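**Student:** With the input below, show me the fold.
(chains A, B, C and D)
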Amino acid sequence: MSFPFLTVTAALPAAGAIVTAAVPAARRTAAKWTALLFSIATLALAAVVVVKFDPGGSGPFQLTESHTWIKDFGVSYDLGVDGIGVALLALTALLIPFVILAGWHDADVLEGAEPNRRWRPTQGFFALILAVEAMVILSFEATDVFLFYLLFEAMLIPMYFLIGGFGDRAHAGGDEAAATQRSYAAVKFLLYNLVGGLIMLAAVIGVYVVAGTFSLTDIAHLRASGDLSMATSTERWLFLGFFFAFAVKAPLWPVHTWLPNAMGESTAPVAVLITAVVDKVGTFAMLRFCLQLFPEASKWATPVILVLALISIVYGALLAVGQRDIKRLIAYASISHFGFIIMGIFAMTSQGQSGATLYMVNHGISTAALMLVAGFLISRRGSRLISDYGGVQKVAPVLAGTFLIGGLATLSLPGLSPFVSEFLVLVGTFSRYPVIGIIATIGIVLAALYVLVLYQRTMTGPVKATVQGMPDLKVRELVVVAPLIALLIFLGVYPKPLTDIVNPAVHQTMSQVDQTDPHPQLEASR
Amino acid sequence: MNPVYYLYLASLLFTIGAAGVLIRRNAIVVFMCVELMLNACNLAFVAFSRLHGNLDGQIIAFFTMVVAAAEVVVGLAIIVSMFRARHSASVDDASLMKL
Amino acid sequence: MDNLIALLIAAPLLGAAVLLCGGRALDRVGHWLGTVLAAASFVIGAVLFVDMLGKGADARTMHQHLFTWVPVAGFKADMGFQLDQLSMTFVLLISGVGTLIHLYSVGYMAHDERRRRFFGYLNLFLAAMLLLVLADNYLLLYMGWEGVGLASYLLIGFWQHKPSAATAAKKAFLVNRVGDMGLSIAIMLMFTTFGTFAFGGVFGAADGASEGKLTAISLMLLLAACGKSAQVPLQSWLGDAMEGPTPVSALIHAATMVTAGVYLITRSSAVFNGAPNAQLVVVVVGAVTLIFGAIVGCAKDDIKKSLAGSTMSQIGYMILAAGLGPIGYVFAIMHLVTHGFFKAGLFLGAGSVMHGMNDEVDMRKYGGLRRYMPVTFVTFGLGYLAIIGFPGLSGFFSKDKIIEAAFAKGGTEGWILGAVTLLGAAITAYYMTRMMLMTFFGEERWRHAETRSPDAPSAEPAAAGRGAHDEPHPHESPWIMTIPMIVLAVGSVGAGAFFGIGNRFLNWLEPVTGHSEGHSPVSAGVVTTATIVLLLVGVGIAYLQYGRRPVPAVAPRGSLLTRAARRDLLQDDFNHVVLVRGGEHLTRSLVYVDHSLVDGVVNGTAASFGGLSGRLRKVQNGYARSYALSMFGGTAVVVAATLLMRAV
Amino acid sequence: MSPADVSTLAASAAYQTSTGEAVQFWVLGVVAVIGALCTILMRKAVHSALCLAGTMIVLAVFYLANGAYFLGIVQIVVYTGAIMMLFLFVVMLVGVSAADSLQETLKGQRWLAALCGVGFGVLLIAGIANASLRSWNGLGHANANGNPQGLAALIFTKYVFAFELTGALLITAAVGAMVLTHRERVERAKTQREQSQERVRKGVQLPPLPAPGVYARHNAVDVAGLLPDGTPSDLTVMQTLKGRGQIRDVSQEAIADLKALEQRSESRLGRERGEGTGAGAAGREDREGRETTEGATR
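**Tutor:** Sure thing, here's the model as predicted:
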């Protein structure tokens, strides 16, 4: 068999995690560099995978690998990627180096902390990040339901420690309050996702009972040959089981409340990890599993899900407007955006689903840009409250500029990549459900509102005393932000490479759900 | 008469022993009740061996006795050390097994 | 030749990129770089124009297809450009006026330490605006549409340290976003109706679509136009937008960007023609805004805000004309161009006056300036004559045509619209005369004027370098600022005649917009005389009020209408009370709901589980006997179960 | 006689036991049950042990009756003879006369236990009842050449592994018992000097402990000596007895004796007073007598 690219792509960061964790406690910088190098190597490997991936290729999955794992339960170690998986895999591999670089000093030992040769927070921080990367990448590659479930749950553990262990040092109420808040957020994150995972587990077992196998491809064959007999009610229950877990992860209203806490209390890089990388697994899984395993049930549930997504869009945006805390604001904005993604997925049009996939990628990049810059800002003054800033653009113009660009990407300004995806989602939804599409466009206006209000309150106006003499972006921080912004602009003007990869996969998904795009009235009338 | 009545007797004794285990606080008495239950079982085994006409039941009873002996030895040792530790043999005094 | 089109946009875009990304190294040459690139764009435009003139009237449309922008099954957006007479008109206007204003800004912003960035923004605006008028499909147009919005946001808020400026910028962007919502919905409608949103495809299939669809699309486009062109009910941002530097007001908020709405409607003529009801709405919006802006313009003492009101009103004219359909499209565009000239000139003049008056914007603190800044006086005066439609000047030709077209609409509508436009002309004459008199005539009220506090509403920090805030000593602006004013003055004098005589402009645009001569119930002569009479009336009243009597340095209380007009006819207050306050309450309550309700449910469940387990743990009392009891009971149950099983 | 008769006779032999055994069963069965009940109801552990021993002996008899001769003997020798004695030793160690109160401390434990017990018994009996055990075949064949031989044959062939394992188990149990009861001496024993010094340092009871047995009535190691104020002193009795609650407190007896003494003195005084009155009475009598005699002479 050929070289197992997918396994290696996932294994590399895992190895990196182990190596990083093994670095002696005193050699903190070495640990950082190790992690960075491993993540970059992973990125290179991911690039190779993208190159080797043939968009026009035949079959649902490519670069497949298959090994029996637990024979008795038909569990096998099946890997394989379609266009959507490749895109998200590339996104993950791309973001992690920036996350690591942005969090360069987040896990340093504070001055005045008594030297303890056992205590190695830096190593742990970066090792955990790499571990998350490994699991997320593997979950994008897994074509075996059980394997996916395993990773889906396993990635909670490192995330839990990242949120609870390395919280944001910038906290109003002092260290104790910060610690309590942080552990609360971490536990909340864990509980929400565990409940979702539990329900999903039941559904996973149900799938095995019904289909007799965990392998996606096998199930697809069974369905194609009509050997898969699934009672309507059964299918619906199983669908709900899967969807609930993914909705929690995504997160979808009303199971979203863990996100603001988690993103607010964790450091900016970890927040990016949550919203830009880990949550994508949820939306990705909706496309990969909910639709492909239970097409009928998906169609059955579409109206409700669309309404929930719509609520998420407007509700998240409104709450973002009402926030006083920069990071929580961004978190609620993300909730609104995830609403768009889910809406695009379940609009069941190729525009909607391509748009949703693009949206996952673009939202990852744009949120990363905005959140990381926000993190730099916060790290400078040690406060997350919007009211503590003002007139930053006067003292730190570059920071303000990058922040503005990130914000403009968040409000999906044409010319920046999020616009393409958001508009695709809207068009895709509109072409099937006009009313919902129109209401969703309100999200555009609200997005402008919260972004511009945030920018105005923090960056413009007279320079506040707290901001006086704030240093502008350092080289490291520029290295983090500049490529992201360049990518935003490039993908905004020339998204073709991405769409070329995604479109076939979406087409395949659509055929799985056997849905076709509604025809324009004129053609239809003719 | 039918040897089945031995079984009835055995079950009766067994139940009595069980009740004793439950209501007595003195560890030694509790132990005696356990012995009573074991003996009830033995009786049942013996009766069965007679009913079935082979000696396996008696073998089991024999082994039961041996095991009972071992158990008694260890159990009484435990009781003694327990009594040394706190000057009482009440099972309720050893109630640290709670949350 | 076609491939030059991209360069039109590329030049200023390059400038923007270099100026914004380049470091302080570019500070000394940046502004010239920007100007040169703007000029380059104009030159390319001119070359293309000449080339276009060389072709036949119907073969003048050029296309350039760069690459496919968004290729998704069925949904195909090209990065492609279309240059026809309409676009060409705009290209020349934008790049021409743009270049002039770049030049002007070199002087005007000379003392601002962030000048490089200012020129970067200006170039960005040019690029976006050119993209807007050159796009060959609505999605690309949308890109330019929001691009100019962004540039306008950045430029209005250029002096970000002023909260007023930052707020104004945010307001402008938000109101525009509401309009953009309309545009995006229109695009979606087009996609679902025609399966495409490229100009060619849409206009080709427009006649096939049902009128309902077309009406919906048209109304959505109108909403977009209202946002961009500051038409009622989305006009509130334009007044505040005057917080920006004056060149910005001249370029973006007078000459080019605010007219994008007119472009949109004219460009979509094929769609609008199919939806008469929508056209009626357009006309009404235009008419209302016409009067609205004029009234506001009468009441403002801030010279720039007064001009802004006038801009609104003039664009009202254009929108009205565009709403009239084939009768009016050409004249809408024509008025747009001439207006571009004289309004830009007026703004630059205003800027020059402020420049000489320590950035004082209150006309009541001006007076008798004609002696001190002659060039400004002359150019401003010419622009004034042009805008009030003084016979022979450009405003006369364009506006007169629109009034005729309004009458030509026919029926009672025609009469009403005609009356409105005439009335508008009169009011225009009134407030422009008022402005003229208060600024350049009368006694010099700025003498022994009290020291203006630096944090006055529109204190332009560029003034910091221009001497102290004591009694101003007005002076003429440097040549680099006067030259553009002169050029624009020439334009505002000659353009109308050049376009109007022999219907040059009409023949030029007709292939694109189409044209139909409506027969108006009243002859052109009558209309013209009526116009002149009314404008004389307006001038007369203004003279009686402000020429004869001295102007009070402090604004009198004024009539109810005046006071309302000073507050933009209470539209802002309405917005504040309904939208802002309401929004705040909504968000606050939602935050509460999210925290206590959505989150509370979950936490409540958790708490109840905790209590339950707290009660359950009491069962674990640690007494071996009770454990034994439960075991015994369990065994009993098991035995019972087995017996039952065997019994069954 | 015909085979049929043989078969019926065999059958009747197979379905019935001798009347003697039935009588024995009904008599001793009652005894066994009573013994069991006493085992769990007696307040003193000793009595329980004895009742249990009785029950076990009864069971031994039943074993014998059931043809398990070897087990019967073993039951008597090992169980009743060894294990129960072991019990009694421990009981002695812990306290012969220590009677634990029978009132329940755990709420509802007793009733629930009774309920479960009854239910369980009913279940078992019902189970046995509806199990079809009508036919049975005696051990005659199995015990053909001796019961112990039969057992031995089985143990050393079929169950040899289990047998070995039980051996190992017993060894382990013995070792375990030793480990459990053995006290490890962690530090070296103190010399007499060190002990004395320690005592002085602690300041406790330098002289040897006072002797028990004031007012000795018998071998009075269980009677605490009294302090001058008449209260008993713990120093004088051994702690084990105290732990068993077998100390007799005689301090009250001392006071009682005092009372008794006073009463006795009282009574003696009272007797003297009684004599005085007696004399007076006599005086009156003879005075009256005189009068009566005087009255008679007149």
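
**Student:** count of neighbours near the closest residue to chain C within the stretch 1-150 of chain D?
**Tutor:** Proximity of the stretch 1-150 of chain D to chain C (C-beta to the nearest C-beta) peaks at D:F120, 4.6 Å away. All C-beta atoms are positioned from the backbone trio N, CA, C, and that covers glycine. By other C-beta atoms under 10 Å in any protein chain shown, 22 other residues sit near D:F120.

**Student:** gap between it and B:M37?
**Tutor:** Per C-beta to C-beta, to the nearest Å, D:F120 is found 11 Å from B:M37.

**Student:** Quick check: which element contains the residue of the stretch 1-150 of chain D closest to chain C?
**Tutor:** Using DSSP states H and E, D:F120 falls within helix D:109-130.

**Student:** any idea what C:T68 is structurally, helix, strand or coil?
**Tutor:** strand (DSSP: H, G, I helix; E, B strand; the rest coil).

**Student:** other SSEs contacting the helix holding D:F120?
**Tutor:** On a contact count with 3 or more C-beta pairs under 8 Å, 6 or more residues apart in numbering or on different chains; DSSP states H and E, helix D:109-130 meets helix B:4-23, helix C:624-647.

**Student:** which outside residues touch whichever helix or strand comes after it?
**Tutor:** Going down the chain from helix D:109-130, the next helix or strand is helix D:147-157, by DSSP H and E. For helix D:147-157, contacts defined as C-beta atoms under 8 Å, 6 or more residues apart in numbering or on different chains pick out B:55-56, B:58-59, B:62, D:67-70, D:139, D:142-144, D:163.

**Student:** Contact partners for residue 47?
**Tutor:** Because you didn't say which chain, this covers chain A. A:A90, A:A93 are the contacts of A:A47 under C-beta under 8 Å, 6+ apart.

**Student:** Actually, chain B is the one I wanted.
**Tutor:** B:P3, B:V4, B:Y6, B:L7, B:A10, B:G57, D:N66.

**Student:** can you put those in a markdown table and add distance to A:T516 and neighbour count?
**Tutor:** Shown next, in a markdown table, are those (distance: C-beta to C-beta, whole Å; neighbours: other C-beta atoms under 10 Å in any protein chain shown):
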| residue | distance to A:T516 | neighbour count |
| --- | --- | --- |
| B:P3 | 81 | 22 |
| B:V4 | 78 | 16 |
| B:Y6 | 81 | 24 |
| B:L7 | 76 | 23 |
| B:A10 | 77 | 26 |
| B:G57 | 76 | 23 |
| D:N66 | 84 | 26 |
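
**Student:** what bits of chain C have low per-residue confidence?
**Tutor:** C:1, C:448-471, C:569 (pLDDT under 70).

**Student:** Contact residues of the stretch 151-298 of chain D facing chain B?
**Tutor:** D:151, D:154-155, D:158-159, D:162-163, D:166, D:169-170, D:172-174, D:176-178, D:180-181, D:243 (C-beta under 8 Å from any C-beta of the partner chain).

**Student:** List buried residues within the residues you listed.
**Tutor:** Applying 16 or more other C-beta atoms under 10 Å in any protein chain shown to these, the neighbour count classes D:L151, D:L154, D:I155, D:Y159, D:A162, D:F163, D:T166, D:L169, D:A173, D:A177, D:L180, D:G243 as buried.

**Student:** Is there proximity between whatever helix or strand D:I34 lives in and chain B?
**Tutor:** According to DSSP H and E, D:I34 maps onto helix D:19-41. Yes: shown here: helix D:19-41 in contact with chain B (C-beta under 8 Å from any C-beta) through D:E21, D:A22, D:F25, D:G29, D:A32, D:V33, D:A36, D:L37, D:T39, D:I40.

**Student:** Looking at neighbours, which among those residues is most surrounded?
**Tutor:** Neighbour-wise, those (other C-beta under 10 Å) top out at D:A36, 30 neighbours.
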